[in-house]
Every structure is written in C-alpha cells, then in structure tokens.
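> need a 3D model of the sequence below.
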Amino acid sequence: MFDAEPPGTLGKFAETMRVFAERRPSVRDLLRSRTGSLDRVHAVLPSTVAVGESLGLTVQVWDEYERLHGAYDGDLRVSATDDNATYPDRVSLAGDDEGYVRLADAVSFETPGVHYLTFSRPGFDERYVSNPVSVSADPPRRARLLGRHPPALAALGRDGEPAEGLSVRP
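Alright, predicted model coming up:
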C-alpha cells in the first residue's frame, strides 16, 4: 500500500501511517503516550572556558517519546567533578516551564581540566551527566556549545558577537 512514497510532507505522512500500521498500538498505549514520563536530562554548558569564568546552564528534561517534558515537576540534585566549582546544589522544574530552565551565571569551574556536572533525582537510582567542559587557565578565543541549541549560537564569540570570520543571520 505504501511502497512508493512521494517526497515532502506527504511522504512523511505515508511513513508515519506505515509505522502506525506495523506497530498497531493499543488505545491504552496511545493514551499513555500523550503524557510521557521523565526519561533523561540534558545539561548544556559552554564547552571551553577559563578558570573562574561564570557560565550559564541550561537543563532540559525529556520524556521517552523524545519530547521536552513540560509537565515534569521536581528537583534535580547537582554535583561537579571539580571539587572547587561553584554551582547550584539543586535545579527545580515547576511543571509549567516547558521542560527546561536556563540559569545565568550559575556555574564556575576553578580547576583546569575537563569537568562535568552530574544530576540525579531524589529517590531514583539514575545519574545524568552534562557535556564535557574544558577548563583552561587562559580564556579561549570563542565559546563552543554542545547539545541541543540553535546552530547560530555556536558561531558567537564570548561577547555575543559573531566569531572572527563568521556572520550570523537571524
């Protein structure tokens, strides 16, 4: 029935219908998928920083269906691989924040090397790890962000202006 798929939106629709027909989810499964549960946490920090530099932190909670879990209401405990780092001891999501929070100037690593933040949920035996952050004694030329973010952000220098030789269009 769906052997030859047209390109574009119609092709995506045909693919979705084929997968739906193959898997034949029950009504219970369909209803359960409307409200997912917390599956994982992504934490995004700049990946190259100088010792003592204040960093913004973005924490995202995702459900098992690859969606931001906007209904998650709870705390995440935070720890760091740098014993001298400054960071919040917990991050709270209120269930009305669209599945993510951004904390400006929330983290500062004080020891050169590659460091991480780790997150855990009280009462669960799960651990989530941020992207690696390379901390150097000297400031890097430009910031790099790893994780889910608008591609244009990766081209911005530390001052928010386009990095040398690059232009950013809205």
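
> max-length helix in the protein?
The longest helix of the chain (DSSP state H) is helix 8-23.

> now do the helices in the protein.
With DSSP H, the ranges of helices along the chain come out as 8-23, 27-32.

> let's have the ones you listed in a markdown table, adding mean pLDDT and mean neighbour count.
C-beta here means a position set from N, CA and C on the backbone, and glycine is covered the same way. Below are those laid out as a markdown table (pLDDT from 0 to 100; neighbours: other C-beta atoms under 10 Å):
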| stretch | mean pLDDT | mean neighbour count |
| --- | --- | --- |
| helix 8-23 | 76 | 11 |
| helix 27-32 | 73 | 10 |
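
> can you put those in JSON lines and add distance to Asp63?
Output for these, formatted as JSON lines (distance: least, C-beta to C-beta, whole Å):
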{"stretch": "helix 8-23", "distance to Asp63": "18"}
{"stretch": "helix 27-32", "distance to Asp63": "11"}
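
> quick one: which of those helices is nearest Asp125?
Closest approach to Asp125 among the helices of the chain (C-beta to C-beta): helix 27-32, 23.3 Å.

> so what's the residue count around the nearest residue to Thr111 once chain neighbours are set aside?
Closest residue to Thr111 apart from its sequence neighbours, by C-beta to C-beta, 6 or more residues apart in numbering: Asp82 at 4.8 Å. When neighbours are defined as other C-beta atoms under 10 Å, Asp82 has 21 of them.
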